[in-house]
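Colleague: all I have is the shape, not the residue letters:
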């Protein structure tokens, strides 16, 4: 059923892009009710406006906490136009019908980000706005509800192209979006109050929709990303990001965040296939690439230093999907933008997340993000690790932390020279790592080995020793730790126990 907008209540925090709507309503003879700053904004545009105070005979009270919470406001919104009793009561109490409600909510999330002062935050919990949205949404058969400035364009289209007349479907769509706004708002508030609770009663996560992906992991799967990529990246060049791109970008960002030295990383299918830390970015790139030149093809690249022209030229010699960096020299960009589909992302801030989620069965698993490195550094081998071994063991442990379990990382001079990941046994992971090192002619003599979990037997350290590896870092915790420790002592190998496992399924 078509409904003509004849009256409107407007009460908003943000006035952005509201001017055109107000003027259009004025041109169409719509009676406008408003409050406070919004009323002044409307009147300054030369559009007639009725104050809510004159309608209710009550001023704004309690420091602005109560302005619109009154039967003459909510009656006009909630009255069912096809219900004679409702209409009779409107007439009895001189309550005008309200056909359109434009309202937004106090900036609660923005306030939480900008301050820790509790009273300031509490005052940004909207009461009247949420109530108006719910009332208008509930009565969508008769009322249009616009609950966010993001919907102004849709409303302006209705006013312009439909002369202010709406269909039932129009009003239902506006209501659906309005209830989404409320749900997100309440989730943010609940999250604030529950931030210190270990296990809230409900799984509540609400993130804005960023974009629809071309497809999911495979072409027959649909996918949508919910989040704010523009808070983390500025996209400088290239095609749209895909589902698989985002998964790899996340893995890349999580790994690079572990390093402060100039470091270059190559990611393929969420696993690192090349990483090196060096004094210059170009050296870091060349050594990261050398770790596995085959797997780097079509990979996602990330570094933690400004990309110069020399590095850009070297990187451009291979095919890659994405390059992420904190910045790019102008002449480096010119080189990198030669390929139109190549995605270039400037990272503005770390991709931080306190929690991790995974859907399993008919529910969701939630856990803390793995922010740890090691709780202790317990030397249990033949001799303490040398300074060079210490640096490589620390590097290897961080790399191994980001490989899929079972995982082994082989490192020499802060360069990944072999890795095994996603294997069903730790021995297979080690054998694969040694094989990869041999494939690219790396000399394992003097290299170090990291394991994401303990060794149940001494077979891995034995195989590592035979390959030339001289130092090992692992969590420990096996009932047979002594077997591996004894082997290292008898064969002159350093071994460090960290006390912290890093499974990554």
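Modeller: Structure received. Note that the coordinates shown come from a computational prediction; the quantities given were computed from them, not determined experimentally. Residues are numbered from 1 along each chain as shown.

Colleague: tell me how far the residue most central in space within the chain lies from residue 233.
Modeller: By CA atoms, centre = their mean, the chain has its centre lying nearest to residue 227, at 5.1 Å. Residue 227 sits 11 Å away from residue 233, going by CB to CB, to the nearest Å. In this view, the C-beta of every residue, glycine as well, is placed from N, C-alpha and C.

Colleague: for residue 16, same thing?
Modeller: Note on residue 16: its distance to residue 233, by CB to CB, is 24 Å.

Colleague: comparing the two, which shows the higher neighbour count?
Modeller: Neighbour comparison, residue 16 and residue 233: the larger count goes to residue 233, with 20 against 9 (by other CB atoms under 10 Å).

Colleague: tell me, how many residues neighbour residue 149?
Modeller: 16.

Colleague: contacting residues around it?
Modeller: Going by CB atoms under 8 Å, 6 or more residues apart in numbering, residue 149 touches 12, 14, 16-18, 104.

Colleague: can we see that at 10 Å?
Modeller: 12-18, 102, 104 (CB atoms under 10 Å, 6 or more residues apart in numbering).

Colleague: shared neighbours, residue 227 and residue 233?
Modeller: Common contact partners of residue 227 and residue 233 (CB under 10 Å, 6+ apart): residue 351.

Colleague: what comes up buried for the helix or strand of the chain with the lowest mean pLDDT?
Modeller: Lowest by mean pLDDT, DSSP states H and E among the helices and strands of the chain is strand 209-212, with a mean of 80. Buried residues in strand 209-212, defined by neighbour count with 16 or more other CB atoms under 10 Å: none.

Colleague: repeat that for stretch 45-55.
Modeller: For stretch 45-55, a neighbour-count test (16+ other CB under 10 Å) marks 47, 49, 52, 55 as buried.

Colleague: do the same with stretch 447-460
Modeller: Neighbour-count burial for stretch 447-460 [16+ other CB under 10 Å]: 447-455, 458-460.

Colleague: now swap in stretch 368-386 and tell me
Modeller: Applying 16+ other CB under 10 Å to stretch 368-386 flags 374, 380-382, 385 as buried.

Colleague: of these, which pair is most distant in space?
Modeller: 374 and 382 (20.3 Å; CB to CB).

Colleague: list the residues that contact residue 248.
Modeller: Applying CB under 10 Å, 6+ apart, the residues near residue 248 are 241-242, 267-271, 299-300, 302, 321-322.

Colleague: need these in JSON lines (columns: pLDDT, neighbour count and distance to residue 363).
Modeller: As requested, these are exported to JSON lines (pLDDT from 0 to 100; neighbours: other CB atoms under 10 Å; distance: CB to CB, whole Å):
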{"residue": "241", "pLDDT": "90", "neighbour count": "22", "distance to residue 363": "28"}
{"residue": "242", "pLDDT": "91", "neighbour count": "18", "distance to residue 363": "27"}
{"residue": "267", "pLDDT": "96", "neighbour count": "31", "distance to residue 363": "29"}
{"residue": "268", "pLDDT": "93", "neighbour count": "20", "distance to residue 363": "31"}
{"residue": "269", "pLDDT": "92", "neighbour count": "15", "distance to residue 363": "26"}
{"residue": "270", "pLDDT": "92", "neighbour count": "21", "distance to residue 363": "23"}
{"residue": "271", "pLDDT": "92", "neighbour count": "19", "distance to residue 363": "27"}
{"residue": "299", "pLDDT": "94", "neighbour count": "25", "distance to residue 363": "34"}
{"residue": "300", "pLDDT": "96", "neighbour count": "28", "distance to residue 363": "30"}
{"residue": "302", "pLDDT": "98", "neighbour count": "29", "distance to residue 363": "33"}
{"residue": "321", "pLDDT": "94", "neighbour count": "22", "distance to residue 363": "33"}
{"residue": "322", "pLDDT": "96", "neighbour count": "21", "distance to residue 363": "32"}
